[in-house]
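> after the sequence you'll find the predicted model.
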Amino acid sequence: MNFKGKDIISLRDFKKEEIEYILQKASEVKEGRHSNSLKGKVLASLFFEPSTRTRLSFEAAMTLLGGNFFGIADPQSSSTQKGETLKDTIKTISGYCDVIAIRHPFEGAARASADVTEIPIINAGDGSNQHPTQTLLDLYTIKEQFGSLDGLNIGLLGDLKYGRTVHSLSMALSFYNVKLFMISPELLKMPIHYAQYLENKGIKYTETQNIFDVGQDLDILYVTRIQRERFGDLQEYEKVAGSYKINLEVLDKLNKKIKIMHPLPRVDEIDDSVDKTDNAIYFEQAHNGIPVRQAILGLVTGAIQ
Amino acid sequence: MNFKGKDIISLRDFKKEEIEYILQKASEVKEGRHSNSLKGKVLASLFFEPSTRTRLSFEAAMTLLGGNFFGIADPQSSSTQKGETLKDTIKTISGYCDVIAIRHPFEGAARASADVTEIPIINAGDGSNQHPTQTLLDLYTIKEQFGSLDGLNIGLLGDLKYGRTVHSLSMALSFYNVKLFMISPELLKMPIHYAQYLENKGIKYTETQNIFDVGQDLDILYVTRIQRERFGDLQEYEKVAGSYKINLEVLDKLNKKIKIMHPLPRVDEIDDSVDKTDNAIYFEQAHNGIPVRQAILGLVTGAIQ
Amino acid sequence: MNFKGKDIISLRDFKKEEIEYILQKASEVKEGRHSNSLKGKVLASLFFEPSTRTRLSFEAAMTLLGGNFFGIADPQSSSTQKGETLKDTIKTISGYCDVIAIRHPFEGAARASADVTEIPIINAGDGSNQHPTQTLLDLYTIKEQFGSLDGLNIGLLGDLKYGRTVHSLSMALSFYNVKLFMISPELLKMPIHYAQYLENKGIKYTETQNIFDVGQDLDILYVTRIQRERFGDLQEYEKVAGSYKINLEVLDKLNKKIKIMHPLPRVDEIDDSVDKTDNAIYFEQAHNGIPVRQAILGLVTGAIQ
């Protein structure tokens, strides 16, 4: 399978075999194979929107495999201020590097960037649209924990209406034989077109407002934040927010072997006390950003085959 | 020719042979010679004013030849806020690196920096004064396209009064046997002392407000932006701005083999549709920032001879 | 002595032998031993507060010994904005690197960070609390100049009440056989608990408001800034500020062989004209930040033993 020069814009562009191939390479990288394979490669890390985790994870991924990076950490310090179009910026910078990772507040910015250059573009999040490397590290983490993605019961909790992460993850999971459990307040249910997409793919899913309805059946609970701003009525928010907060008491009522995931950053939707339990795998999940992004950087630059 | 330890502050400090030497080294670098020659060298990339293109180009130049960099991308995050003088900052940082590239809003800042350290200083733009690496990459691009700088008819279009780039370029071109065509609105004509400088050097030049007066004679058209803010009268601006906008229709009336250059970023003074033509070389020009800056970094650190 | 994995939070955590060991390693690094020893090591350089000198010095230290870094230069561009706790940030980033240097506005932030990760944490300044690598480079500079720390008369001048640097330095000096001379306005005397600490350690010290009382006896004068903001009464400030400003005239009345130190940045408490004298060693002091931080980075990552 040849990924050299390929863009990573949206998981919708990928076949199951391609996803599997990336996960396999990530696994090899994590085992210590491919060390120093990015030596001589240079990443342009273009973050037109603040980010810590994703930016540092791309930059660390590069340096830890012997590569280098330069970039924009802060849109304020870039000459897009001078009115230059994103396309011109990308055309110029593509002459400076081997691969570009871009985060941008506008939907479609990564695809538009890919259209104007031969250099591989990795979408590091374009507005509320796609963040494919997050989904790949989510899949990787699940596979690492359970050996396989098939046969699992996976709960998605929180803001399923606006949450980019859960949309993308559920679509990727539709390649596998999983059961999904959508746990959210009525107001923040998964949009109907995602639900339909899953049905068309033959994925069984259950919707509920109450985590305890399904908590004993879950292998995985993927928690996301409910943002205050989504609610006009703050009282409504307070009621809901509390009921979706995972603490030791809630955990005690779920499947004893359940694994708790979260894309991070969290605010208070998972209590600190949960961190120490065997159920919590969200920091391992975050750390898996490194081998997964290393595999991707290696594949698209041709450094890893 | 020994450039080790030399500062690159203004092209006025250079003899023709020195410019030629830098261009020749840039050419060697672009051919793939000198690879990894900056290994072990460290650049301090000090941008006290926002910039994308120039900063990233210096940093990329360094990493692509095996070197490293650290620096200031955002003046807000520096302790010049604490009232430290630029001289003290430079004295301190010169103990941390092999070469410094500095952009600063104040004219003369690069020269003042060079005065307090033995480390080579590269001026990456000091206010409206000098930006020598831009001029060198302009010269390099012309030479790359035409084989030689001699015998060419070169048009400079746009804001010739305030444009740092065209001042510096025209002075550098005065080393060569060229004819210059100054195309600008009356209000934005090249200042008299530059014009006199060129005359003293025996450079023939023509002034006109209308690009079509000279467009058939030009080998190169170097376009620059006309900033709205230069005009008190916006109606005046609108009239002029339009007439200096290069699109396919305008291009059709110029010499068929003309090459269009631009220091970038552009706003709307060259239409996107021009990008695809053989005439457009402004992105190649921008990409030439890499080998030219690599040659300079290599020469002043002694890594390239 | 094994420093691998050790945190560098406060000099209070260190025994004299440990300090001596770090200084010895710094000396080896400065002599050119241990070159390239940080190859393959990655530093996360997390500056949640603006800084030039310290940040660049850590990053330069890393690259000059063959290592790499990534990080946060500007708290504005980090997702701590999204409400993530520092502990979560550190837990995540500790999966990306070999060592973390952190500067943070809150006292205790470095210690709190060290509590949540196995990765070594280096405190690069936590509010008005500790800045141990500054103190180590101060000690290193004194030792380099005088061969030994013992037997010296050391004057500390300026704001001894609020100055983090002088508190930390005087405590570290208490390991050695030195005499201290506290020179400050009445209002900015060293706090009584530091004074008592020194007495308990058997360190002799003298307090005075007038530098000329003791200036002939000093081997070293360590100058710090008096911040205007410390005074309610600006007239009071003006009077005092002037009398603590070192210029050639003042210098002339001090011990001819005195060495002038300063943690930098300075504003006007040392006149520029002093820079050229043999007495001024503050830029050497700043440059010593490199070998000292290299030694520390090497020791805690296990790259230097």
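Good, I have the coordinates.

> domains for chain A, by residue range?
With domains defined by automatic domain parsing, chain A comprises A:11-130+A:289-301, A:133-286.

> okay, those, which one's buried deepest?
Of the domains of chain A, the one with the most neighbours on average (mean count of other C-beta atoms under 10 Å in any protein chain shown) is domain A:11-130+A:289-301, at a mean of 21. Yep, even glycine has a C-beta here, placed from its N, CA and C like the rest.

> tell me how far the closest residue to chain C within the stretch 101-250 of chain A lies from residue C:84.
Proximity to chain C, evaluated over the stretch 101-250 of chain A using C-beta to the nearest C-beta, is greatest for residue A:225 at 8.9 Å. Relative to residue C:84, residue A:225 is positioned 11 Å away (C-beta to C-beta, to the nearest Å).

> identify the contacts common to the two.
Common neighbours of residue A:225 and residue C:84, counting by C-beta atoms under 8 Å, 6 or more residues apart in numbering or on different chains, are A:266-267.

> where does the stretch 201-305 of chain A have low pLDDT?
Within the stretch 201-305 of chain A, no stretch has pLDDT under 70.

> quick one: name the residues of it near chain C.
A:264-267, A:272, A:275, A:283, A:286-287, A:290 (C-beta under 8 Å from any C-beta of the partner chain).

> and those residues, which of them are in helices?
Counting by DSSP state H, those place A:283, A:286-287, A:290 in helices.

> got the phi and psi for the residue positioned nearest the centre of chain A?
With distances taken as C-alpha atoms, centre = their mean, residue A:134 lies nearest the centre of chain A, 1.7 Å away. In terms of degrees, to the nearest 10, the main-chain angles of residue A:134 are phi -60, psi -50.

> my read is that it contacts residue A:163, right?
No. In this structure residue A:134 lies outside contact range of residue A:163 using C-beta atoms under 8 Å: 11.2 Å.

> list the contacts of residue A:29.
A:65, A:291, A:294-295, A:298, A:304.

> phi, psi of it?
Phi and psi for residue A:29, reported as degrees, to the nearest 10, are phi -60, psi -40.

> quick one: it from residue C:96, how far?
14 Å.

> same check on residue A:151?
32 Å.

> quick check: the residue of the stretch 151-300 of chain A nearest chain B.
Closest point on the stretch 151-300 of chain A to chain B, by C-beta to the nearest C-beta, is residue A:297, at 14.6 Å.

> now do the contacts for that residue.
A:38, A:41, A:43, A:58, A:61-62, A:65, A:67, A:99, A:122, A:303.

> with residue A:165 instead?
Residue A:165 makes contact with A:131, A:134-135, A:138, A:224, A:263, according to C-beta under 8 Å, 6+ apart.

> so residue A:205 is in which element?
strand A:204-208 (DSSP states H and E).

> please apply the same query to residue A:123.
strand A:121-126.

> next one: residue A:254
Assigned by DSSP H and E, residue A:254 falls outside every helix and strand.

> quick one: contacts for the nearest residue to it once chain neighbours are set aside?
Using C-beta to C-beta, 6 or more residues apart in numbering or on different chains and skipping the chain neighbours, the partner closest in space to residue A:254 is residue A:215 (3.9 Å). By C-beta under 8 Å, 6+ apart, residue A:215 lies in contact with A:155, A:221, A:253-255, A:258.

> SS state for the closest residue to residue A:177 other than its chain neighbours?
Leaving aside its chain neighbours, residue A:177 sits nearest to residue A:150 (4.3 Å; criterion: C-beta to C-beta, 6+ apart). Reducing the assignment at residue A:150 to three states with DSSP: H, G, I helix; E, B strand; the rest coil gives coil.

> and residue A:150, what does it touch?
A:176-178.

> rerun that using 10 Å as the cut-off
By C-beta atoms under 10 Å, 6 or more residues apart in numbering or on different chains, the residues touching residue A:150 are A:143, A:175-178.

> could these be laid out in JSON lines, adding pLDDT and secondary structure?
Rendered in JSON lines, the data for the contacts of residue A:150 read as follows (pLDDT from 0 to 100; DSSP: H, G, I helix; E, B strand; the rest coil):
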{"residue": "A:143", "pLDDT": "98", "secondary structure": "helix"}
{"residue": "A:175", "pLDDT": "96", "secondary structure": "coil"}
{"residue": "A:176", "pLDDT": "97", "secondary structure": "coil"}
{"residue": "A:177", "pLDDT": "96", "secondary structure": "coil"}
{"residue": "A:178", "pLDDT": "97", "secondary structure": "coil"}
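
> re the thing from before, so the residue nearest to the centre of chain A touches residue A:292, yeah?
Yes. The pair residue A:134 and residue A:292 passes the contact test of C-beta atoms under 10 Å, sitting 9.2 Å apart.

> near chain B, from the contacts of residue A:297?
Counting by C-beta under 10 Å from any C-beta of the partner chain, A:41, A:43, A:67 from the contacts of residue A:297 sit close to chain B.

> and which of those is nearest to residue C:197?
residue A:67 (48.3 Å; C-beta to C-beta).

> setting aside sequence neighbours, what's the nearest residue to the closest one?
residue A:38 (3.2 Å).

> for residue A:91, give me phi and psi.
The phi/psi pair for residue A:91 (degrees, to the nearest 10) is phi -60, psi -40.

> would you check that it makes contact with residue B:276?
No. Between residue A:91 and residue B:276 there is no contact under C-beta under 10 Å: 11.8 Å.

> just the element for residue A:46, please.
strand A:42-47.

> so, in contact with chain C or not, that strand?
Yes. Against chain C, strand A:42-47 shows contacts by C-beta under 10 Å from any C-beta at A:45, A:47.

> kindly export the helix or strand following that strand (C-alpha atoms) in CSV.
Sequence order places helix A:53-64 as the next helix or strand after strand A:42-47, per DSSP H and E. The C-alpha coordinates for helix A:53-64 follow below in CSV (Å, rounded to 0.1, in the frame of the first residue of the first chain):
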residue,chain,number,x,y,z
ARG,A,53,-2.1,18.9,22.4
THR,A,54,-2.4,18.5,18.7
ARG,A,55,0.4,20.9,17.7
LEU,A,56,2.8,19.6,20.3
SER,A,57,2.0,16.0,19.4
PHE,A,58,2.7,16.6,15.7
GLU,A,59,5.9,18.4,16.5
ALA,A,60,7.0,15.8,19.1
ALA,A,61,6.1,13.0,16.7
MET,A,62,8.5,14.5,14.1
THR,A,63,11.4,15.2,16.4
LEU,A,64,11.1,11.8,18.2
